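Trainee: sequence and predicted model, in that order:
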Amino acid sequence: MSQLDSAVPRHVVTRAKNATQHPGYILTGGEGHTKRHTKAQKAADDQHVEEEKRASEMAVHEGHNHIAVFQKKMETDQAAARVDAPKPTHPRPRPCPRPIKKAVKVMETSNLTMAEDKAISTNSKGGGARGKLAASANVDHPGSDAEEEV
């Protein structure tokens, strides 16, 4: 047992290469060190930061002014466009490119034929196709039934 005790060192030995290294410095990026300034250097740094802040505020203010001028110009342009714009009108149907003419057949019908057609439509009992055909028949122009369906 005495051999095992002598093989194990009693304290941790650091390698010579790692003795001067600082591995945490990489993670902090050097933020742990504070800069040492004189009062004059501190005042100069503060003045420089203040000037940068003022310059950025002026740039933002100039940007806002530029946008405001652009918006005013747009408003005047739109108002002028509204004044010059024609007023809307209601849509109107377009005329047909060529008129469609229906052929008119002149047929002489007597009052007797009209009376027979009326009698057929009123006397049918079943309400079937005969009554509907007679009721929908064109009395003025009996030959033009085929033209109306088209």
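Mentor: Right, received. Where do you want to start?
Trainee: can we go C-alpha only for contacts and neighbour counts from here?
Mentor: Noted.
Trainee: so Lys87 is in which element?
Mentor: Assigning secondary structure by DSSP states H and E places Lys87 outside every helix and strand.
Trainee: against Glu62, how distant is Gln71?
Mentor: Gln71 sits 14 Å away from Glu62, going by C-alpha to C-alpha, to the nearest Å.
Trainee: could you pull out the helices for this structure?
Mentor: If you assign secondary structure with DSSP state H, the helices in the chain sit at 2-7, 24-28, 39-84, 111-123, 129-136, 145-149.
Trainee: low-scoring pLDDT stretches of this protein, where are they?
Mentor: Across the chain, the ranges flagged by pLDDT under 70 are 1-9, 29-35, 99, 103-150.
Trainee: what comes up buried for stretch 63-76?
Mentor: Residues of stretch 63-76 include none that count as buried (16 or more other C-alpha atoms under 10 Å).
Trainee: just the CA coordinates of that stretch, formatted as PDB?
Mentor: Presented in PDB, the C-alpha positions along stretch 63-76 are these (Å, rounded to 0.1, in the frame of the first residue of the first chain):
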ATOM      1  CA  GLY A  63     -34.500  63.100 -41.400                       C
ATOM      2  CA  HIS A  64     -37.800  64.000 -39.800                       C
ATOM      3  CA  ASN A  65     -37.800  67.400 -41.500                       C
ATOM      4  CA  HIS A  66     -37.000  65.800 -44.900                       C
ATOM      5  CA  ILE A  67     -40.000  63.400 -44.400                       C
ATOM      6  CA  ALA A  68     -42.300  66.300 -43.400                       C
ATOM      7  CA  VAL A  69     -41.300  68.300 -46.500                       C
ATOM      8  CA  PHE A  70     -41.900  65.200 -48.700                       C
ATOM      9  CA  GLN A  71     -45.300  64.700 -47.100                       C
ATOM     10  CA  LYS A  72     -46.400  68.300 -47.700                       C
ATOM     11  CA  LYS A  73     -45.300  68.100 -51.300                       C
ATOM     12  CA  MET A  74     -47.300  64.800 -51.700                       C
ATOM     13  CA  GLU A  75     -50.400  66.400 -50.200                       C
ATOM     14  CA  THR A  76     -50.300  69.400 -52.500                       C
END
